[in-house]
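Novice: using only what follows, build the 3D model:
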Amino acid sequence: MTVLITGAGLLATHAGKALADGGERIVYYDVAPSEAYVRQVMDDRPYTIVRGDVLDMPHLMHTIAREKVTGLVHSAAFLPETARERPFMATRVTVEGTVNTLEAHRLAGLGRYVLCSTIGIYDASVDTGRAMEEDQPIGPDSFYGCLKLSSEVIALHYQKAYGVDVMAPRFCPVYGLGQWYSSGGAIFMARCIEGPALGRAVVIDKPFSNVNQYLYVLDAAQAIERCYRVRDPAERAINIGSGALHSAPDVIETVKKVIPGARIDIDPAAWASSKDRVFVRQPFSLARARAVLGFTPAFTLEAAIADYAAKVRRRAQQPV
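Specialist: Model (predicted):
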């Protein structure tokens, strides 16, 4: 069976790797893929790369037919900062692109459709005093969050109205070794880990969220794999996270524990502007993820940092 994955970034490629390990044939559909990065993540697993735009409906349909696609994972979207800077094109790629993939999926009569959604659809200012469940109040505070919410609402309507077999995992900030980083949380983790892994001193001099919820990309990939395979799910929208909050000092101390001799400092001005920033006030509840998908994160923060650092060292020997 063949899975078409739109996008070829951090989450998409690792999801492809997890699905390939489960016996699926993987086709990446991306407007400007880094073939070296895809090869690095996939290692010796087979895959196909098709250069294509989710706005090009005829080419998308042609690819689905030619590659004999049976299911689809949709991750292609403008990244948050680019969405803020280019709202018109971000809307086209993120929302119209989602509609195109849903319509192509419907017309081709495919199986499962997984939409990669985000914590950014929630109102992060609301603190219910408990872990964030899927009924947490909605209220994006970024244009990216608005676009992803629109995409998710449309996708779930396609499920009800047209029978498209949609699953919508909502991810907290996902981190890991990528070619670019899609969230402030991923950027912060990259700054903390990638330099020290190569013996370099790091000074964090840009503002960041002091308290955040982080999910290692290998856990995120396993969640997508389970979303793709689960049959007759009782729920379609599911929070996927680590289930824990970490402060910046927590992360830095863990990096120093995993990488002896790591030198990481926070610029005083950056700390003054960041110490009171809280990305979310409670972590995700994983109750639905466990009940529907049987998903629990496999990586502790310490284990994830160790794996990330090892991949950084490997890439240094085989540059992308």
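Novice: which outside residues touch the helix or strand Ala83 falls within?
Specialist: Assigning secondary structure by DSSP states H and E places Ala83 in helix 80-85. By CB atoms under 8 Å, 6 or more residues apart in numbering, the residues outside helix 80-85 that reach it are 77, 90, 94, 120, 142-144, 147, 182-183. All C-beta atoms are positioned from the backbone trio N, CA, C, and that covers glycine.
Novice: as CSV, these with neighbour count, pLDDT and secondary structure would be great.
Specialist: Converted to CSV, those look like this (neighbours: other CB atoms under 10 Å; pLDDT from 0 to 100; DSSP: H, G, I helix; E, B strand; the rest coil):
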residue, neighbour count, pLDDT, secondary structure
Ala77, 26, 93, coil
Ala90, 21, 95, helix
Thr94, 22, 97, helix
Gly120, 22, 95, helix
Ser142, 16, 94, coil
Phe143, 19, 96, helix
Tyr144, 25, 95, helix
Leu147, 27, 97, helix
Ser182, 24, 73, coil
Ser183, 24, 84, coil
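Novice: could you pull out the helices for the chain?
Specialist: 10-21, 35-42, 57-66, 80-85, 87-91, 97-108, 143-162, 184-197, 217-229, 248-258, 268-274, 287-288, 301-317 (DSSP state H).
Novice: and of the ones you listed, who's closest to Phe171?
Specialist: Closest approach to Phe171 among those (CB to CB): helix 217-229, 5.9 Å.
Novice: contacts made by that closest one with the rest, please.
Specialist: For helix 217-229, contacts defined as CB under 8 Å, 6+ apart pick out 3, 10-11, 14-15, 17-19, 22, 24, 71, 73, 112, 114, 116, 167, 169, 171, 174-178, 238, 240, 242, 289, 293-295, 297-299, 304, 307.
Novice: buried members of the residues you listed into ChimeraX, please.
Specialist: Burial among the contacts of helix 217-229 is assessed by 16 or more other CB atoms under 10 Å; the matching ChimeraX selection reads:
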select :3,10,11,14,15,17,18,19,24,71,73,112,114,116,167,169,171,174,175,176,177,178,238,240,242,289,293,295,297,299,304,307
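Novice: which ones among the contacts of helix 217-229 map onto strands?
Specialist: 3, 71, 73, 112, 114, 167, 169, 171, 174-175, 238, 240 (DSSP state E).
Novice: any chance of the residues you listed in CSV, plus pLDDT?
Specialist: Shown next, in CSV, are the ones in strands among the contacts of helix 217-229 (pLDDT from 0 to 100):
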residue, pLDDT
Val3, 98
Gly71, 98
Val73, 98
Arg112, 98
Val114, 98
Met167, 98
Pro169, 98
Phe171, 97
Val174, 97
Tyr175, 97
Ile238, 98
Ile240, 98
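Novice: save those as TSV, and put in distance to Lys275 too.
Specialist: Listed next are these as TSV, based on distance: CB to CB, whole Å:
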residue	distance to Lys275
Val3	43
Gly71	45
Val73	38
Arg112	43
Val114	37
Met167	38
Pro169	31
Phe171	26
Val174	24
Tyr175	21
Ile238	32
Ile240	28
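Novice: and which of these is nearest Ala124?
Specialist: Closest to Ala124, out of all of the ones in strands among the contacts of helix 217-229 and judged by CB to CB, is Phe171, at 14.3 Å.
Novice: surely that closest one touches Gly241?
Specialist: Yes - Phe171 is within contact range of Gly241, at 7.2 Å (criterion: CB atoms under 8 Å).
Novice: how about the nearest residue to Gly120 once chain neighbours are set aside, what does it touch?
Specialist: Leaving out its chain neighbours, the residue that sits closest to Gly120 by CB to CB, 6 or more residues apart in numbering is Gly145, at 3.4 Å. Residues near Gly145 by CB under 8 Å, 6+ apart: 118, 120-121.
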